[in-house]
Structure formats: structure tokens, C-alpha cells
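Novice: Return a 3D structure for these sequence lines:
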Amino acid sequence: MDFYVKALERDGVGFVILQLIEHPEDISAVISMLERRNDNSFEKARKVISDLMGADLYNPADLDPIRDHALRRLWEALSASGARWEPEAPSDEMKSGH
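Specialist: All right, here's what the predicted structure looks like:
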């Protein structure tokens with residue numbers, strides 16, 4: 001597993017793919033490792049945002065890119081699952097941040 005960890009830390013996705021072609025028995029372990037890594041990244045980001053909001057150390061406009069990214073990821077997940085959903089236009093209240 002060290003090979004995969006080091007390769008992914010260095011953005012060596014191509015090397016990981018080649019290695020998995022040669023060693024398909026490692027696929028489940030690598031997928032689990034990637035899921036844990038994503039969960040850890042999400043949890044760290046959630047904590048930072050929560051701490052900033054709890055201490056009033058943010059400007060609502062600063063959170064726009066984070067919100068947009070989260071919505072995009074949610075949309076991608078829903079689209080991949082085959083769910084049908086049409087986003088509504090944002091309300092005036094949402095636009096003003098209240």
C-alpha cells in the first residue's frame with residue numbers, strides 16, 4: 001500500500017492505474033484508501049468552516065466558492081445516481097445571504 005499512498009501524494013494517478021492493471025487484487029484496498037482520504041479532507045474542511053463561522057471570522061461572500069463547489073459535487077453525485085432534479089432559481093433571500 002505504501003506505493004499507492006506515495007504515488008497518489010505525488011499526483012501519480014497514471015502510475016496507480018498501471019499498477020492496478022498488474023495487481024487487480026489491490027483495487028478494493030486502493031478504493032478504500034481513497035474513500036478514507038476524501039472523508040478526512042471533507043472533515044478537515046468542515047471543521048475549518050465551522051470554526052470560522054463560530055468565531056464570526058468570515059464574510060458570507062468568502063463562502064460562495066465553497067458553497068458552489070459543494071453544490072456542484074452534490075449535483076454530480078445525484079446525476080451519477082440517475083436521480084432527476086431540476087435546480088430552482090435562488091430566492092431573493094438566498095441571494096442576499098439571509
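Novice: Pretty sure Val30 sits against Ile17.
Specialist: No - under the criterion of Cβ atoms under 8 Å, Val30 makes no contact with Ile17, lying 10.0 Å away. C-beta here means a position set from N, CA and C on the backbone, and glycine is covered the same way.
Novice: Mind checking which of the two has more residues around it?
Specialist: Each of Val30 and Ile17 had its neighbours counted (other Cβ atoms under 10 Å), and the higher figure belongs to Val30 (20 against 11).
Novice: Packing partners of whichever strand or helix holds the more buried one?
Specialist: When elements are defined using DSSP states H and E, Val30 is found to belong to helix 27-54. Applying 3 or more Cβ pairs under 8 Å, 6 or more residues apart in numbering; DSSP states H and E, one finds that helix 27-54 makes contact with helix 2-9, helix 13-22.
Novice: worst average pLDDT in these?
Specialist: When mean pLDDT is averaged over each of the helices and strands packed on helix 27-54, helix 2-9 scores lowest at a mean of 66.
Novice: what about Leu63, how many neighbours?
Specialist: Number of residues near Leu63 (other Cβ under 10 Å) recorded here: 15.
Novice: Quick one: neighbours of the residue lying closest to it once chain neighbours are set aside, just the number.
Specialist: Distance criterion Cβ to Cβ, 6 or more residues apart in numbering; nearest residue to Leu63, sequence neighbours excluded, is Ile49 at 7.3 Å. Other residues lying near Ile49 total 14 when counted by other Cβ under 10 Å.
Novice: Good, wrapping up.
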